[in-house]
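>>> my questions are about this predicted structure, shown below with the sequence.
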Amino acid sequence: MEQQKLPNSTLILVFGIISIVTCCCYGLGLVFGIVAIVMAGTATKLYMENPELYTGYQNVKTGKILSYIGIALSVIYLIYVIYLFSTFGMEGIMNMNEELMREYGL
């Protein structure tokens with residue numbers, strides 16, 4: 001019997017990478033990470049039913065790990081942003097940005 005590629009294994013890996021890259025985009029990394037984990041769960045279930053039939057499970061495992069990392073980084077960043085807004089407010093954050101721009105000559 002010929003082995004076939006596990007469905008969405010490459011997409012899970014790509015979404016895991018995107019979740020890390022977009023972790024500082026106000027929750028976008030969180031969305032990609034959660035979607036990748038849900039897809040990885042489905043792919044893992046399919047693979048465990050008949051492992052000799054599929055290849056590409058390593059991509060699923062790697063994508064799942066990257067998704068967990070991306071979700072963790074996204075949550076940490078969102079907590080930081082919420083802390084900034086609750087502490088300084090919008091006006092305080094804008095003042096910080098202006099000071100940084102003046103300091104670095106931007």
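Good, I have the coordinates. Source: prediction; values computed, not measured.

>>> alpha carbons only for contacts and neighbour counts from here, please
Noted.

>>> how far away is the residue nearest the centre of the chain from residue 13?
By Cα atoms, centre = their mean, the chain has its centre lying nearest to residue 19, at 2.1 Å. Per Cα to Cα, to the nearest Å, residue 19 is found 10 Å from residue 13.

>>> now residue 78, nearest residue through space, not along the chain?
Of all residues not flanking residue 78 in the chain, residue 26 sits nearest, at 6.4 Å (Cα to Cα, 6 or more residues apart in numbering).

>>> list the contacts of that neighbour.
For residue 26, the contacting residues are 74, 77-78, by Cα atoms under 8 Å, 6 or more residues apart in numbering.

>>> what do residue 19 and residue 13 both touch?
With Cα under 8 Å, 6+ apart as the test, residue 19 and residue 13 both reach residue 66.

>>> who wins for neighbours among the contacts of residue 26?
With neighbours taken as other Cα atoms under 10 Å, the top of these is residue 74, carrying 26 neighbours.

>>> and it, that's in a helix?
Yes - with DSSP: H, G, I helix; E, B strand; the rest coil as the criterion, residue 74 is assigned to a helix.

>>> so the closest residue to it other than its chain neighbours, which state does it fall into?
Using Cα to Cα, 6+ apart and skipping the chain neighbours, the partner closest in space to residue 74 is residue 23 (4.5 Å). Here residue 23 is recorded as coil under three-state DSSP.

>>> could you count how many residues lie near residue 23?
Counted with other Cα under 10 Å, residue 23 comes out at 25.

>>> model confidence score at it, please.
With respect to pLDDT, residue 23 scores 93.

>>> same question for residue 17.
pLDDT, read off for residue 17, is 97.

>>> in contact with it, which residues?
63, 66-67, 70.
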